[in-house]
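Visitor: With the input below, show me the fold.
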Amino acid sequence: MFLMPGLAGAFAQGPLLSGSTAADSPPKAEQAGVTPPPASGPAGPAEVGQAGGGVTDLKPSPAALTLGPEIDAKYDKGIALMYRLEFDKAEAEFRDIVRLSSSSPAGYFALSALSWWRSAQNFDVNASSSAYEEEFMRHVEETAGIAEAMIKKNISPAEAYFFMGSAYGLKGRWYAVERKWFKAYIYGNRGRKMLKKCVKLNPNIYDAYLGLGIFDYFADTLPGILSVPALLFVHGDRAHGLREVRLARDKGRFFSVEARIFLIEILTRHEKDFKQAIIEAAALRETDPSNSFLRLVEILTFIHSQDWPRALDESLKFITANSGAENPWLAQQMALVYLSAGDSKLALHQPQEAAAWFTQGIENTAYPGKGWISYCYLRRAQAFDLLGSREDAVKDYQMALERDNFWDSRLYAKKGLKKAPDFKEIYRQLIEE
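Guide: Numbers count the residues shown, from 1 in each chain. Below you'll find the model as predicted:
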């Protein structure tokens, strides 16, 4: 199991933690594919800029992305608060941006990203996305509408394409989490086209390479959605996507942390470069050492890398530091940390201690509807089976079966009721995607 609940939830060669190489420089126009592929989706606001001559009529700019000193400062503060899961404080900063510059798409995009993050913290709860979907979609359309007006008036077109492309890309990721693959592709590709126009006008808007890298990488590597791009004659490029994500990580103005989070997910789940993922996770924590969410990302990196001793050690430290957390968004993740501690003990073949951690996850939560609680029941049942306590195991399998299904929890509960799994099967489940 693995969670990257970022701007993470479902669409990076050696790290560039310091210094630079040729991979740091912006891809050449022909490498980045700035010439759009054949039309592949419905027209609409995403095609603005083609009317009246298109992006080729706009003057390129070499300037780095800036929204002005006051707004830049509020953006930085809001993003930092968002990564700390202090969402109300982040929202206040982002709404100040809208107030200070209502004619810019920047504040509206920040609010759409915030809606994404709020929803992502409860992706393990059925229908969690619906609670934020209306506001998310509204902010995306506000972003696109303002950006479209800027492009028509030739006002900061590179910036406008950047925010429009980022908003549509984020909308594509929303649909990907919901497994609505065709919509995910349509909006992802629409965002890709806008971001290509952005970097053609201004290759120094390095944040744009994150969205381009995400699309290029996953269009080339995710078999679940390959049929759609293939049908529409659009192909990704895994290696190029990796370079783009790294470029955003190293030189991005606002999205560097997000790019590193994506890089960690790519390295663990797809590249299987666990050593490098752990290095990236440590570097991520250094960006804000007291940030508990970034600590959670590191724990999950250890889990996915099967570094059970370090996963256990960091889980215990996290629980000690945050057991009385007042932030409700952080408190909602405590069950995941208890589960991580129990999984580590289970993987180390210590079922008695594992069962105790799963019990704490079940009993010490103020959010019993979380999917992680379902997995605490399932894993405790498996621990009981390893201990020979079949009667207790059956009770927990039945409890997992009665709860909402999360990541095939009901499937494995049914299998456990039919036959007690051995350690080999339990370990396989612990490390499966």
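
Visitor: So Val125: helix, strand or coil?
Guide: Of the three states, Val125 takes coil according to DSSP: H, G, I helix; E, B strand; the rest coil.

Visitor: Ser119 versus that one, what's the distance?
Guide: 10 Å (Cβ to Cβ, to the nearest Å). Any C-beta I mention is one placed from the backbone N, CA and C, and that applies to glycine too.

Visitor: Who are the packing partners of the helix or strand harbouring Asp216?
Guide: Here Asp216, judged by DSSP states H and E, is contained in helix 208-221. In this structure, helix 208-221 packs against helix 157-177, helix 181-201, helix 238-251, helix 256-266, with contacts taken as 3 or more Cβ pairs under 8 Å, 6 or more residues apart in numbering; DSSP states H and E.

Visitor: what about stretch 325-341, distance to the chain center?
Guide: 18 Å (Cα atoms, centre = their mean, to the nearest Å).

Visitor: Just the endpoints, please. Distance across that stretch?
Guide: In stretch 325-341, first residue to last residue: 18 Å (Cα to Cα, to the nearest Å).

Visitor: Next, the buried residues of it.
Guide: 327, 329-341 (16 or more other Cβ atoms under 10 Å).

Visitor: picking that back up, more neighbours: which of Val125 and Ser119?
Guide: Ser119 (22 against 19; other Cβ atoms under 10 Å).

Visitor: what pLDDT does Ser344 get?
Guide: At Ser344, the model reports a pLDDT of 98.

Visitor: Look up the closest residue to it, ignoring the ones flanking it.
Guide: Leu312 (3.8 Å; Cβ to Cβ, 6 or more residues apart in numbering).

Visitor: so that neighbour touches Gly342, yeah?
Guide: No: between Leu312 and Gly342 no contact is recorded; they are 9.3 Å apart, counting by Cβ atoms under 8 Å.

Visitor: Buried residues, stretch 360-372. List them.
Guide: Gln360, Gly361, Ile362, Thr365, Tyr367, Lys370, Gly371, Trp372.

Visitor: Also stretch 172-189?
Guide: Quick answer for stretch 172-189 (16+ other Cβ under 10 Å): 172-177, 181, 183-189.

Visitor: and what of stretch 409-419?
Guide: For stretch 409-419, the buried set under the neighbour-count rule, 16+ other Cβ under 10 Å, comprises Ser409, Arg410, Tyr412, Ala413, Gly416.

Visitor: One more: stretch 92-109?
Guide: Applying 16+ other Cβ under 10 Å to stretch 92-109 flags 93-98, 101, 104-109 as buried.

Visitor: Same list (the buried residues of stretch 325-341) but as TSV, adding secondary structure and distance to Ala354.
Guide: Formatted as TSV, those follow (DSSP: H, G, I helix; E, B strand; the rest coil; distance: Cβ to Cβ, whole Å):
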residue	secondary structure	distance to Ala354
Asn327	coil	28
Trp329	helix	27
Leu330	helix	24
Ala331	helix	23
Gln332	coil	22
Gln333	coil	20
Met334	helix	17
Ala335	helix	15
Leu336	helix	15
Val337	helix	14
Tyr338	helix	11
Leu339	helix	10
Ser340	helix	11
Ala341	helix	8
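
Visitor: Contacts for the longest helix anywhere in the chain, please.
Guide: What stands out as the longest helix in the chain, according to DSSP state H, is helix 130-152. Helix 130-152 is contacted from outside by 45-46, 48-49, 52, 103-105, 108-109, 111-112, 115-116, 118-119, 156-157, 159-161, 163-164, 167-168, 170-171, 174, using Cβ atoms under 8 Å, 6 or more residues apart in numbering.

Visitor: Show me how this structure divides into domains.
Guide: Domains of the chain are assigned by automatic domain parsing as 22-271, 288-431.

Visitor: what about the last one, start to end distance?
Guide: Criterion Cα to Cα; first-to-last residue distance in domain 288-431 is 29 Å.

Visitor: centre of the chain versus that domain, how much separation?
Guide: Distance, centroid of domain 288-431 to centroid of chain: 21 Å (Cα atoms, centre = their mean).

Visitor: Skipping adjacent residues, who's closest to Val199 in space?
Guide: Ala208 (5.2 Å).

Visitor: Which per-residue confidence value corresponds to the one you found?
Guide: At Ala208, pLDDT is 97.

Visitor: Neighbours of it, how many?
Guide: Neighbours of Ala208 (other Cβ under 10 Å): 33.

Visitor: Roughly how far does it sit from Asn202?
Guide: Taken as Cβ to Cβ, the span from Ala208 to Asn202 is 8 Å.

Visitor: same thing with Ala341?
Guide: 47 Å.

Visitor: buried ones in the longest helix of the chain?
Guide: Tyr132, Phe136, His139, Val140, Glu142, Thr143, Ala144, Ile146, Ala147, Glu148, Met150, Ile151.

Visitor: now swap in stretch 113-129 and tell me
Guide: Buried residues in stretch 113-129 (16+ other Cβ under 10 Å): 113-125, 128-129.

Visitor: follow-up on the earlier one: out of the helices and strands packed on helix 208-221, deepest packed?
Guide: helix 157-177 (a mean of 26; mean count of other Cβ atoms under 10 Å).

Visitor: Quick one: distance of it to the chain centre.
Guide: On Cα atoms, centre = their mean, the centre of helix 157-177 falls 14 Å from that of its chain.

Visitor: So which elements touch it?
Guide: By 3+ Cβ pairs under 8 Å, 6+ apart, helix 157-177 packs against helix 106-120, helix 130-152, helix 181-201, helix 208-221.
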